[in-house]
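Participant: My questions concern the predicted model and sequence given below.
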Amino acid sequence: MSEDRPYIEQNTREYERLRFLVERLDENDLRVSVNDHWTVAGVLGHIAFWDGRALALADKLDRGLASRARHLFSDSDDEPDEVDWINDASRPLIHAIAPLDVARLSLLIAEETDARVAELPVDHLWPRDPDSPLNPLRASHRGEHLDDIDAALRARAQPEST
């Protein structure tokens, strides 16, 4: 692991955790409720959505660097402080995707995202560049939601006490 890229190892760890989860889940597992708003499949789609945002920002960074643009990102690229409306707006679309398809898609997008952020110049990524909206550490977001999924699946597997 490079000292200036600790996120690579962390992303790999959470990607492998995601891969193990997706490989063992069936349709019924993917339909388990994680909370009042999201199923397991929905949470995986949510992870894919935010990884997809990182991919879009990576593409924009590459285009800006190639054209030698003075400003690589615009103010509109910043993540708003309050993202609940984005999650709420994306939820029906994510839940409309077949659960097995969204699970596989989350894995593909995570793999692509990790590969892309690993090759980007760290001087243009947050936190080294505090003005960059591109955080290469995908592991913390994935890990938080994988913990939620694990808890929901464990709760479902525990027999109810009478």
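Facilitator: Alright, I've got the coordinates.

Participant: By residue count, which helix of this structure is the longest?
Facilitator: Counting residues, the longest helix found in the chain (DSSP state H) is helix 40-66.

Participant: avg pLDDT for it?
Facilitator: Mean per-residue pLDDT for helix 40-66: 96.

Participant: Next, the angle from the following helix or strand past it to helix 40-66.
Facilitator: The helix or strand immediately downstream of helix 40-66 is helix 84-95, counting by DSSP states H and E. Inter-element angle recorded for helix 84-95 and helix 40-66: 110 degrees (by axes from the mean of the first three to the mean of the last three Cα atoms, to 10 degrees).

Participant: re earlier: and the longest helix of the chain, which residues are buried?
Facilitator: Judged by neighbour count (16 or more other Cβ atoms under 10 Å), helix 40-66 contains these buried residues: 40-55, 57-58, 60-61. Heads up, the C-betas are built off the backbone N, CA and C, glycines and all.

Participant: Same question for stretch 92-110.
Facilitator: Neighbour-count burial for stretch 92-110 [16+ other Cβ under 10 Å]: Ile94, His95, Ile97, Pro99, Val102, Ala103, Leu105, Ser106, Leu107, Ile109, Ala110.

Participant: Sort out which one of those lies nearest Thr12 for me.
Facilitator: Of all the buried residues of stretch 92-110, Ala110 has the smallest distance to Thr12: 10.3 Å, by Cβ to Cβ.
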